[in-house]
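J.: what would the 3D arrangement of this be:
(one chain, ligands or ions: 1)
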Amino acid sequence: NRSDRPRLLVGGSPSSSGTVETEISKTRIVGGEDARFGKWPWQASLQMGALGHVCGASVISNRWLVSAAHCFLDSDSLRYEEMTLFQSICSLITLQITLNNLQRIIVHPQYDQSVSDYDIALLEMETPVLFSELVQPICLPSTSRVFLYGTVCYVTGWGAIKENSHLAKTLQEARVRMINQSVCNKLYDDLITSRMLCAGNLNGGVDACQGDSGGPLACTGRSNRWYLAGIVSWGEGCARRNRPGVYTKVTALYDWIRHNTN
Ligand code: 4AZ
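T.: Got it, this is the predicted structure:
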């Protein structure tokens, strides 16, 4: 019974048929749906010792991953040099491919914690990953690529299944749409910089949440390739009406990524 399973990324498709479940899904925020095994082969989980999963990340080459800068803020309880990196394709429980430990973490020098501007970090692995059916990079969109407002994209992760809730056990995916920049800027009191983009559903109900940070917002382009349009960054709560998810805009940081990863 799918409705028994933990869900995440608030929103996505309704659960199975049946009146009871249908009623429930209307009256509270529900998560996205379980991702099919192997469907998002660039999705990685950043894990720290006893804490387990802390953030998402995306594989962009055999040596590099992209995540959010805010995942790497040192605090008394968290030292990010201790972070180990796992790629968990579909379920943290059934399959864990250990990627090579991190060699270097490059946080964007202009990252501004107070407003979440330039919320991006590059993670270099000690030794290259071997690609397989289950481990594949996502394409980096160049500066000139435009994801039009209304474009359907997918956000994936093991983050909270609703605000202040627990993490998902199975990787979740949710369908979101690109939201107009000026519309989003009005909703968020001009906090949306040109290094950010908004995606979700203005009616609420579909969104990324805590723990999805650093993970991918993936959109298809021509030739059926998937592109990393955004990196889960912030938002007011999760899946609230008129409070869409805010993502780091990857096209705006393409040159910086290229320069640092060669
Ligand atoms: C977070 O706390 C977080 N609804 C990530 C994404 C969103 C909100 C919070 C977007 O990491």
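J.: OK, contacts around the residue of the stretch 1-150 of the chain found nearest the ligand?
T.: Residue nearest to the ligand within the stretch 1-150 of the chain: residue 70 (7.3 Å; Cβ to the nearest ligand atom). Backbone N, C-alpha and C define where each C-beta goes, glycine included. For residue 70, the contact set (Cβ atoms under 8 Å, 6 or more residues apart in numbering) comprises 111, 113, 116, 119, 213, 233-234.
J.: again, only this time at 6 Å
T.: Taking Cβ atoms under 6 Å, 6 or more residues apart in numbering as the criterion, residue 70 is in contact with residue 119.
J.: how about the secondary structure of it?
T.: Secondary structure state of residue 70, per DSSP: H, G, I helix; E, B strand; the rest coil, is helix.
J.: got the residues of the protein near the ligand?
T.: Within the chain, the positions adjacent to the ligand are 207-210, 212-213, 232, 234-235, 238, 245 by Cβ under 6 Å from any ligand atom.
J.: pick the one among the residues you listed closest to residue 180.
T.: In terms of Cβ to Cβ, no member of the residues of the chain next to the ligand lies closer to residue 180 than residue 245, at 14.3 Å.
J.: which residues does the closest one bridge with?
T.: For residue 245, the beta-bridge partners are residue 199 (DSSP bridges).
J.: return the distance of residue 194 relative to residue 160.
T.: Separation of residue 194 from residue 160 (Cβ to Cβ, to the nearest Å) stands at 28 Å.
J.: between these two, who's got more neighbours?
T.: Neighbours per residue (other Cβ atoms under 10 Å) separate residue 194 from residue 160, with residue 160 holding more: 22 against 9.
J.: OK, now which residue of the stretch 151-262 of the chain is nearest to the ligand?
T.: Residue nearest to the ligand within the stretch 151-262 of the chain: residue 235 (2.8 Å; Cβ to the nearest ligand atom).
J.: which elements pack onto the helix or strand hosting residue 232?
T.: For residue 232, the enclosing helix or strand under DSSP states H and E is strand 226-234. If you count contacts as 3 or more Cβ pairs under 6 Å, 6 or more residues apart in numbering; DSSP states H and E, strand 226-234 packs onto strand 216-220, strand 245-249.
J.: could you pull up the mean pLDDT of it?
T.: In this model, strand 226-234 has a mean pLDDT of 97.
J.: ok, and what's touching that strand?
T.: Under Cβ under 6 Å, 6+ apart, the answer for strand 226-234 is 58, 68, 116, 119, 138-139, 141, 147, 153, 197, 208, 212-213, 215-221, 246-248, 250.
J.: all helices of the stretch 1-150 of the chain, in order?
T.: For the stretch 1-150 of the chain, the helices defined by DSSP state H, counting those that start in this stretch cover 19-27.
J.: shaky segments in it?
T.: For the stretch 1-150 of the chain, residues meeting the criterion pLDDT under 70 lie at 1-31, 49, 74-101.
J.: is it true that residue 59 touches residue 137?
T.: Yes - assessed by Cβ atoms under 6 Å, residue 59 is found in contact with residue 137 at 4.9 Å.
J.: which residues do the two both contact?
T.: Counting by Cβ under 6 Å, 6+ apart, the residues touching both residue 59 and residue 137 are residue 42.
J.: re earlier: so which pair among the residues of the chain next to the ligand is furthest apart in space?
T.: 207 and 213 (12.3 Å).
J.: the two: which is more packed in?
T.: Using other Cβ under 10 Å as the criterion, residue 207 and residue 213 rank with residue 207 on top: 32 against 24.
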